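Asks: Provide a 3D model corresponding to the input given below.
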Amino acid sequence: MKALLIVDVQKDFCPGGALAVEDGDKVMPVINSLMKNFQIIIASRDEHPEASRHFDKWPKHCVKDTTGAEFHDLLDTSQIQQVFLKGTGTRDDGYSAFEATNVNLEGYLKERTVDEIYITGLATDYCVKQTSVDAAQKGFATFVVTDAVKGVNAQEGDDERALEEMRRNGVKLVSSQDIGRQDGA
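Replies: Below you'll find the model as predicted:
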């Protein structure tokens, strides 16, 4: 069984947001077009408290119950079956969707006999990277859809270095065009 995991496609990570990823909104049409290929569609979302050590490193973003924490308006949320909230404590960063505090992601996937995860979203060099590496380490066949992710690039080339780190950890890099052609994706 295959699942599509949409990582942190939230307003604060898109142009105009508190921690905007350049062209972060450009992943939405690609992600939306992928949904038809999956029976299981899930998403993660940052949901930080007002005061968090996370904000020692980053501008305040995705604070619980704010507009910035909402999914981007262009994302088709109607097909998302479960949302995994992360970064919800005052001391956790919550980069990986496997750190979700409301539902155990690994257990959720195993209960549904998911063995392949296709990861999309924001940001390549942080939450996408950590989620995909964790997924591979937990034994899932893990794919990152390269045209459905964008990076912060705090340092130029961070996104490319992140993709290479994912590859070294057993993550396969694919394009959205490849997924429609795969049998039963």
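Asks: what's the local residue count around Val83?
Replies: For Val83, the neighbour count with other CB atoms under 10 Å is 17. For the C-beta atoms, the positions are set from N, CA and C on the backbone; glycine is no exception.
Asks: so it, which of the three states?
Replies: strand (DSSP: H, G, I helix; E, B strand; the rest coil).
Asks: if I pick it, what's in contact with it?
Replies: Residues counted as contacts of Val83 (CB atoms under 8 Å, 6 or more residues apart in numbering) are 42-45, 102.
Asks: again, but for Gln10
Replies: The neighbours of Gln10, taking CB under 8 Å, 6+ apart as the test, are 17, 45-46, 62, 68-72, 122.
Asks: let's see that with 10 Å instead.
Replies: 17-19, 24, 43-47, 61-62, 66-72, 75, 121-122 (CB atoms under 10 Å, 6 or more residues apart in numbering).
Asks: what's opposite it in the beta bridge?
Replies: In this entry, Gln10 is beta-bridged to Phe71, by DSSP bridges.
Asks: next one: Ala43 from Gln177, what distance?
Replies: Distance of Ala43 to Gln177, given as CB to CB, to the nearest Å: 22 Å.
Asks: higher neighbour count, these two?
Replies: Ala43 (24 against 10).
Asks: what's the local residue count around Lys172?
Replies: With other CB under 10 Å as criterion, Lys172 counts 15.
Asks: what about the closest residue to it other than its chain neighbours, which SS state?
Replies: Ranked by CB to CB, 6 or more residues apart in numbering and with sequence neighbours excluded, the top spatial neighbour of Lys172 is Phe143, at 4.9 Å. Using three-state DSSP as the criterion, the local structure at Phe143 reads strand.
Asks: was I right about Phe143 contacting Thr131?
Replies: No: with contact defined as CB atoms under 10 Å, Phe143 does not reach Thr131; the gap is 12.0 Å.
Asks: more neighbours: those two, which one.
Replies: In this view Phe143 and Thr131 are compared by other CB under 10 Å, and Thr131 has more residues nearby, 29 against 26.
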